[in-house]
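Undergrad: Predicted model, plus sequence, below.
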Amino acid sequence: MRPLLSARLLLPLAIAAALAACQTKTPAPKANGGALPTMERIALGANSCWFKSGDPAFKAYRLAPELNSFSGRPRILVVHRNSPESRPLLVVQAEGSPAKLDAFGPMMSEPVGARVATDVKRWAAGGKGC
């Protein structure tokens, strides 16, 4: 009587099983957690979702990014559209690695403040979209 599986078939199956057992799943890449990369992601998200989209909550404002900061705190500012030199209504800044985020200004006390906080946290974590 012949065996059901010959040695010629068992060896490749054994090798395939051993290789499959050794493989690990590659974790999803994490977003760079430094201050500058974090603020770059936030600036891109804010620009596309708040301003370029024509969102009515941000229609009276404009974005003033200050990412090249010598203080080690890159930031974005939201200012009045027609008077960008006036005091910012919103400041979002980051410092260190991993980045410590801070958002402050009069807009954070308005109804849009909760949305700003949610959006900033999502973009800082690497999320995309509005």
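TA: In hand now; what should we look at?
Undergrad: where does Arg8 land on pLDDT?
TA: pLDDT, Arg8: 52.
Undergrad: where does Ala103 land in three-state SS?
TA: strand (DSSP: H, G, I helix; E, B strand; the rest coil).
Undergrad: which non-adjacent residue is nearest His80?
TA: Nearest residue to His80, sequence neighbours excluded (Cβ to Cβ, 6 or more residues apart in numbering): Ser86, at 5.5 Å. All C-beta atoms are positioned from the backbone trio N, CA, C, and that covers glycine.
Undergrad: That neighbour: neighbouring residues, count only.
TA: Counted by other Cβ atoms under 10 Å, the residues lying close to Ser86 total 9.
Undergrad: Surely it is within a strand?
TA: No: if the criterion is three-state DSSP, then Ser86 is coil and not within a strand.
Undergrad: which residues of this structure score low on pLDDT?
TA: Applying pLDDT under 70 to the chain flags residues 1-31.
Undergrad: swap the cut-off to 50 and go again
TA: Scanning the chain for pLDDT under 50 picks out the ranges 5, 7, 9-11, 13, 19, 28.
Undergrad: As a check, name the ranges of all strands in it.
TA: 61-66, 75-80, 90-95, 100-104 (DSSP state E).
Undergrad: Need the winner for burial among those.
TA: Among those, ranked by average contacts under mean count of other Cβ atoms under 10 Å, first place goes to strand 90-95 (a mean of 24).
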